[in-house]
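Undergrad: Predicted coordinates and the sequence they were generated for:
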Amino acid sequence: MAASTRKTAESEPGDSWLAKCARRPQLAHEVWEMGGLAPIHCTRWLAAETQLVTALQAARRLPTRESGPLLMAFGLDTAWWLVPLDAAEQLADVRLITLRPHGWPLHCPPTHRAAAGRVWLEAPDGSGRVIDPVYLAAVLGPGGGPRLPAEAFG
């Protein structure tokens, strides 16, 4: 039974890509087989952290072709976009984002199911594609952030 589970996990292109980003790829697969979160260190991309509701609102405004991997943690009210390593300059003025440093461990479920309250809204597809920080800044930056409904102003 364990062998068939491992084969399923390894056959998912997004899981294979994420595991290759881990310091110990085989350990990542083993953790996922047990239903846990694997520590994937930000060495091929960075994690742009924001509040969950902010990420969901932004995801709705992004053109589908410009979206990228987005991990949500419901219990923490937090979400992480995977962005390129050189995204710091484009996201520097976006107050709604905390850019996690190179090497920071992002604890990830496999791409095809939730684990420990975390799930991919958009999972990595195995290609290495991450979200373009220009689009992320556009939907979260000045003028692009969450808006209060008109009813809030009376």
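TA: Cool, the structure landed. Residues are numbered from 1 along each chain as shown.

Undergrad: all contacts plus neighbour counts: C-alpha atoms, from now on.
TA: Will do.

Undergrad: Next secondary structure element downstream of the lowest-mean-pLDDT helix or strand in the chain?
TA: When each helix and strand of the chain is scored by mean pLDDT, DSSP states H and E, helix 2-11 comes last, with a mean of 47. Where DSSP states H and E defines the elements, the next helix or strand beyond helix 2-11 is helix 13-21.

Undergrad: List the buried residues of the helix or strand that that following helix is followed by.
TA: Using DSSP H and E, the helix or strand that directly follows helix 13-21 along the chain is helix 25-33. By 16 or more other C-alpha atoms under 10 Å, the buried positions in helix 25-33 come out as P25, A28, H29, E30, V31, W32, E33.

Undergrad: So A47: helix, strand or coil?
TA: With DSSP: H, G, I helix; E, B strand; the rest coil as the basis, A47 sits in strand.

Undergrad: Actually, A55.
TA: Going by three-state DSSP: A55 is helix.

Undergrad: Show the pLDDT at P146.
TA: Listed pLDDT for P146 reads 49.

Undergrad: ugh, wrong one, I meant T64
TA: At T64, pLDDT is 80.

Undergrad: where along this structure do the helices fall?
TA: Applying DSSP state H to the chain gives helices spanning 2-11, 13-21, 25-33, 52-61, 88-91, 133-140.

Undergrad: With distance to G68 as extra columns, can I get those helices in JSON lines?
TA: Below are those laid out as JSON lines (distance: least, C-alpha to C-alpha, whole Å):
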{"stretch": "helix 2-11", "distance to G68": "21"}
{"stretch": "helix 13-21", "distance to G68": "12"}
{"stretch": "helix 25-33", "distance to G68": "21"}
{"stretch": "helix 52-61", "distance to G68": "9"}
{"stretch": "helix 88-91", "distance to G68": "15"}
{"stretch": "helix 133-140", "distance to G68": "10"}
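
Undergrad: and of those helices, who's closest to A73?
TA: helix 52-61 (7.4 Å; C-alpha to C-alpha).

Undergrad: and the angle from that closest one to helix 133-140?
TA: With axes from the mean of the first three to the mean of the last three C-alpha atoms, to 10 degrees applied, the angle from helix 52-61 to helix 133-140 works out at 110 degrees.
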